[in-house]
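the following block contains a protein sequence and its predicted model.
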Amino acid sequence: MNFLDEQFAIFHQRSLPEKMNFFKREGRLFDVVYAQQFDRALLDMVYKITNSLRQIAKTKEGLIYLQTILGHKRAMLYFNQPSSRTFLSFQNACYLLGMKTSEIRDPTISSEVKGESMDDSLRTFSSYTDLLIIRSQAQNVSARASWLLNTFSKRPVPVMNGGSGSDQHPTQGILDIYTLQRSFEEQGGLDGKTIVLCGDLKRGRTARSLSDLLKNFNDIKLIFTAPKNFQMREDILASLDQHQVSYKLETENLRNVLAEADAIYMTRIQDEHDTFSGESGLIDTSKFKLKMDDLPLLKKNTAILHPFPRRDEIDVQIDSDPRAKYWRQERNGMWTRTALIAYIFNVHLEILDYYQAEKSYE
């Protein structure tokens, strides 16, 4: 273990509140690393910024205005794990605000092939850009990048976690929360709703991040629906216990809980995290898929979500059901990530003021 490894290990052992304070500047969000960084006030602010952005962008004049907001900034997308939606939504979020982007999506074309450490690569990227967006199959890469740049670099830049191992995917959680909030606008909001999460909850970083964010809402009930081998890990359950969030575990059949669901969050099996080839295929998941003949069991306003990519967890015929929100959810990723970037660079109030001014002329 080298010096940086030792120092990061010491940092990583800090309590979560200590680490979250480290990711702030002047009391504000600077790096987006953990879902736990977001409280109800910040989630509501992101919701407000996102809605304003969507309305502004409906006109040519509005789009041109948005592209002046951060036209003087540059972003680096460092994605060393396969991605399509997350990459494209971040890239287009940058474009919407006028940011120029660079990218590395194949680590074999970086100097890491020559033996350069990831730490040195990250410091190099920060020399050229004003924002680092990172996706990695390894754990804690975004946390290490933030720690490294804020501790040893003379030019720290914000870091956004675009997905880290099987643990964290905070911006996916944010877009999922936004989609749920939009889905329940006419049903009293997200407070008081029952959310069923189904699939590979043990290794599904999207379900983990969403579960932790949902603790910010009142009277939420969570139902974790998965085979025993894929059930939600104890760290998330302990956090929910600490915040007195009601939950239950269903390990027999998704159909057993469909009638309770105000929203269903389906996920695929995360077999890229198998410790040996074909491990996931040994587990029977047939009772944890949403089929057309399940739809009569649902409430008329149940929202069906999926973070994608999809395999066979949801029948494609369900796509045409008005309760299927996952294609809208996918597009929401671009808008919520635009809102987060605007918030990080502290230009969100300008956007909100512009929206209010334009609205007053209607």
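Yep, it's here.

the residue nearest the centre of the chain is in what secondary structure piece?
Closest to where the C-alpha atoms of the chain average out (Cα atoms, centre = their mean) is Gln172, at 1.8 Å. Using DSSP states H and E, Gln172 falls within helix 170-183.

give me the mean pLDDT for that helix.
Helix 170-183 comes out with an average pLDDT of 98.

which strands and helices sit next to the helix or strand just after it?
As assigned by DSSP H and E, the chain's next helix or strand after helix 170-183 is strand 194-198. Secondary-structure packing of strand 194-198 (3 or more Cβ pairs under 8 Å, 6 or more residues apart in numbering; DSSP states H and E): helix 205-214, strand 221-225, strand 263-266. Glycine gets a C-beta too; all of them are placed from N, C-alpha and C.

okay if I get those as TSV plus mean neighbour count and distance to Phe90?
Shown next, in TSV, are the helices and strands packed on strand 194-198 (neighbours: other Cβ atoms under 10 Å; distance: least, Cβ to Cβ, whole Å):
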stretch	mean neighbour count	distance to Phe90
helix 205-214	26	15
strand 221-225	24	28
strand 263-266	26	22
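
need the ones you listed in JSON lines with distance to Thr336, can you?
JSON lines is the format used below for the helices and strands packed on strand 194-198 (distance: least, Cβ to Cβ, whole Å):
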{"stretch": "helix 205-214", "distance to Thr336": "12"}
{"stretch": "strand 221-225", "distance to Thr336": "21"}
{"stretch": "strand 263-266", "distance to Thr336": "16"}
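
so which of those is nearest Ile236?
Taking Cβ to Cβ, helix 205-214 is the member of the helices and strands packed on strand 194-198 nearest to Ile236, at 5.2 Å.

how far off centre is the closest one?
Here helix 205-214 is found 8 Å from its chain centre; the criterion is Cα atoms, centre = their mean, to the nearest Å.

what angle separates it from strand 221-225?
For helix 205-214 against strand 221-225, the angle by axes from the mean of the first three to the mean of the last three Cα atoms, to 10 degrees is 160 degrees.

which elements pack onto helix 205-214?
On a contact count with 3+ Cβ pairs under 8 Å, 6+ apart, helix 205-214 meets helix 170-183, strand 194-198, strand 221-225, helix 234-242.

and the contacts of the second one?
It refers to strand 194-198. The contact list for strand 194-198, computed with Cβ atoms under 8 Å, 6 or more residues apart in numbering, reads 180, 207, 210-211, 214, 220-226, 232, 254, 257-258, 260-267, 288, 290, 313.

show me where the stretch 151-300 of the chain dips below the pLDDT cut-off.
274, 276-277 (pLDDT under 70).

list the contacts of the closest residue in space to Thr267 that isn't next to it in sequence.
Among residues not flanking Thr267 along the chain, Gly199 sits closest, at 3.3 Å (Cβ to Cβ, 6 or more residues apart in numbering). Going by Cβ under 8 Å, 6+ apart, Gly199 touches Ala207, Thr225, Ala226, Phe230, Met266, Thr267, Arg268, Ile269, Thr285, Phe288, Glu313.

redo these as a markdown table? Include distance to Asp294.
Putting those into a markdown table (distance: Cβ to Cβ, whole Å) gives the following:
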| residue | distance to Asp294 |
| --- | --- |
| Ala207 | 19 |
| Thr225 | 12 |
| Ala226 | 16 |
| Phe230 | 19 |
| Met266 | 11 |
| Thr267 | 16 |
| Arg268 | 17 |
| Ile269 | 19 |
| Thr285 | 15 |
| Phe288 | 11 |
| Glu313 | 12 |
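
go through the helix or strand hosting Tyr65 and flag the buried ones.
Using DSSP H and E, Tyr65 falls within helix 60-66. Using 16 or more other Cβ atoms under 10 Å as the test for burial, helix 60-66 gives Gly62, Tyr65, Leu66.
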